[in-house]
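>>> coords please:
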Amino acid sequence: MTYKSPEGPASCEPKAEVCVAGAPWQVEDIEALCGGPVPLQAIHVISQPATGGDPGATYCLAWTGSSDGAGKDATLLMNAAGYQCGAYLVGSDGQVIQADGTSVFSDTPQYCEGSYPGTRMTYPAVLDFPNEGGVQPPVYVCVAENAGA
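Residues are numbered from 1 along each chain as shown. Reported below is the predicted structural model:
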């Protein structure tokens, strides 16, 4: 089967790589190919800015490269330069700052509409904060992978 990136040439990739969360490969009916939408992904925030979830800010994740098998580790950054970001936190509409002034953070799981239809580049995630020393309620977001990262 031939796949393509949203802005690139066609190529062949294994189905497992096309269907993984964050993959840039574009297929017309990707949900049928992959058996449905991307399932909720766990992200362990190992450090973060003290911002209180300012709705007027852009947030992104810098991937650490670590994983415990149940989720990926990341640093949460606010208003960071794009080259520092492996992925952006976006609203369910795919925008990094919400036009209505609401935050990209939610207390309920999100349906994540991507900027690149037919890809897995935007997906739902739940953030946890293992270094915060206490139990916090889950924080749900939509994650849009930075294709240039």
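>>> drop to CA atoms for contacts and neighbour counts, all remaining ones
Fine.
>>> Tell me where this structure has helices.
15-19, 30-34 (DSSP state H).
>>> Show me what residue 144 is bridged to.
residue 88, residue 122 (DSSP bridges).
>>> who touches it in this structure?
22, 87-90, 94, 114, 121-123 (C-alpha atoms under 8 Å, 6 or more residues apart in numbering).
>>> Next: residue 123.
21-22, 38-41, 112, 114, 142-144.
>>> In the residues you listed, find the pair that's most separated.
The distance between the two most remote of these (C-alpha to C-alpha) is 15.4 Å, for 41 and 114.
>>> Could you check which of those two is surrounded by more residues?
Counted by other C-alpha atoms under 10 Å, residue 41 and residue 114 do not tie: residue 114 has more neighbours, with 21 against 18.
>>> State the phi and psi torsions of the more buried one.
phi -90, psi 160 (degrees, to the nearest 10).
>>> Pull up the gap between it and residue 57, please.
Residue 114 sits 20 Å away from residue 57, going by C-alpha to C-alpha, to the nearest Å.
>>> Next: residue 44.
With distances taken as C-alpha to C-alpha, residue 44 is found 21 Å from residue 57.
>>> thought residue 29 was touching residue 120?
No: shown here, residue 29 and residue 120 do not form a contact pair, counting by C-alpha atoms under 8 Å, at 11.3 Å.
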